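> Got a predicted model here, sequence first, then my questions.
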Amino acid sequence: MSDAEWSIVRDLLPVPGWLAGKGGRPEGYCHRQMIDAVRYLVDNGIKWRAMPCDFPPWPRVYAFFARWRDAGLVAELHDRLREAVRRAEGRQEEPSAGVVDSQSVKANATVSFASRGYDAGKKINGRKRHLLTDTLGFLLAVLVTPASTTDRDAARILLPAARSRLRKLSRIWADGGYCGHLQDWAAQRLGLVLDVVRRSDHADGFEVLPRRWVVERSFAWFLRSRRLVRDYERRTDTSEAVIRWSMTMLMSRRLAARHQESVPVRAA
């Protein structure tokens with residue numbers, strides 16, 4: 001991270017228990033070193049054991065990553081950054097609308113057969129990433145499943161989890177894979193309007209669809225991180241954590257760039 005990024009991220013970090021007087025052992029490495037190491041792994045797609053010597057030892061970095069994953073700290077940091085980005089864009093911190101879609105990716109040999117499947121439509125053997133984003137493309141909720149899981153089945157898990165955290169969420173745009181009984185279920189159980197944006201029957205080739213293109217761009221953002229080009233993780237919650245780390249990189253860089261643009265340049 002640049003100094004400008006760190007000055008933003010530092011104020012949004014979850015407070016460790018030992019600093020809050022809740023006991024526990026003080027951490028042996030600076031948070032900036034640990035976060036830089038995790039970001040390096042996500043951005044460059046290296047193995048844990050290939051961590052460069054400029055960073056702390058890889059077992060300590062992995063322990064930091066696993067602790068933040070299991071305690072929900074990476075999700076907490078991610079949500080705080082999203083709120084900061086939305087404020088900078090002139091939006092309310094909590095969105096009222098979102099876009100949902102899925103992406104099937106190939107799974108590496110490290111992925112167990114129990115957590116992978118075959119997507120007959122895309123002809124991909126691997127996992128499927130189900131994303132719910134706001135209308136700016138920033139992540140609201142993520143769920144990783146075997147690629148054989150249908151979009152409607154995954155939405156019955158993803159949408160209630162998002163609705164419990166985001167009380168203002170009232171409208172969601174989706175593609176044809178989410179139509180049918182799911183729309184009635186979302187309206188009756190969650191109070192959500194699930195608006196299906198269909199592709200024109202007369203369209204020839206690629207067509208940019210209203211609202212739906214936002215989440216497609218989010219998938220493209222994730223593929224900038226080499227760790228997400230395919231799924232390498234043994235556990236699905238690890239895959240979800242890597243996706244959140246990738247999005248934190250994008251948001252922190254965007255906030256730092258906006259902050260630098262707003263700083264006036266002094267004449268020499």
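That came through fine.

> I'd like the distance between V74 and V38.
Applying C-beta to C-beta, to the nearest Å, the value for V74 to V38 is 9 Å. From N, CA and C alone the C-beta is placed, and that goes for glycine too.

> How about T149?
Per C-beta to C-beta, T149 is found 28 Å from V38.

> Which residue ranges of the stretch 101-250 of the chain form helices?
Using DSSP state H, counting those that start in this stretch, the helices found in the stretch 101-250 of the chain span residues 151-165, 181-185, 212-222, 236-262.

> Turn the ones you listed into CSV, including distance to V100 and mean pLDDT.
Shown next, in CSV, are the helices of the stretch 101-250 of the chain (distance: least, C-beta to C-beta, whole Å; pLDDT from 0 to 100):
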stretch, distance to V100, mean pLDDT
helix 151-165, 7, 95
helix 181-185, 10, 93
helix 212-222, 7, 93
helix 236-262, 15, 92
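
> out of those, which comes closest to F64?
When those are compared by C-beta to C-beta, helix 236-262 sits nearest F64, at 11.6 Å.

> T149 and V38 - which one has more neighbours?
Shown here are T149 and V38; by other C-beta atoms under 10 Å, V38 has more neighbours (23 against 19).

> Name the residues contacting each of V74 and V38.
Shared contacts of V74 and V38, defined by C-beta atoms under 8 Å, 6 or more residues apart in numbering, are found at W245.

> thinking again about what came up before, closest to A63 out of the helices of the stretch 101-250 of the chain?
Distance to A63, taken as C-beta to C-beta, is lowest for helix 236-262 among those, at 13.4 Å.

> Tell me if I am right that R39 is in a strand.
No: membership of R39 in a strand is not supported by DSSP: H, G, I helix; E, B strand; the rest coil, which gives helix.

> Pull up the gap between it and R244, please.
Taking C-beta to C-beta as the measure, R39 falls 12 Å from R244.

> quick one: pLDDT of the nearest residue to L209 once chain neighbours are set aside?
Nearest residue to L209 in three dimensions, chain neighbours excluded: V197, at 5.3 Å (C-beta to C-beta, 6 or more residues apart in numbering). Reported pLDDT at V197 in the predicted model: 85.

> Can you give me the neighbour number for V197?
Look at V197: counted by other C-beta under 10 Å, it has 14 neighbours.

> Was I right to think it contacts V214?
No: using C-beta atoms under 8 Å as the test, V197 is too far from V214 to be in contact (10.7 Å).

> Leaving aside the residues adjacent along the chain, what's closest to R32?
W6 is the one closest to R32 (C-beta to C-beta, 6+ apart), at 5.7 Å.

> no, scratch that, I was asking about A174
A174's closest residue in space is V100 (C-beta to C-beta, 6+ apart), at 4.9 Å.

> Export the helix or strand hosting that neighbour to CSV, keeping only CA atoms.
Taking DSSP states H and E as the criterion, V100 maps to strand 97-106. C-alpha atoms of strand 97-106 as CSV (Å, rounded to 0.1, in the frame of the first residue of the first chain):
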residue,chain,number,x,y,z
ALA,A,97,-30.9,-1.5,-4.6
GLY,A,98,-28.5,-4.1,-5.8
VAL,A,99,-27.6,-6.4,-8.7
VAL,A,100,-27.2,-10.2,-8.4
ASP,A,101,-25.4,-12.6,-10.7
SER,A,102,-23.1,-15.6,-10.7
GLN,A,103,-19.8,-16.7,-12.4
SER,A,104,-18.5,-20.2,-12.9
VAL,A,105,-14.8,-20.7,-12.6
LYS,A,106,-12.5,-23.7,-13.1
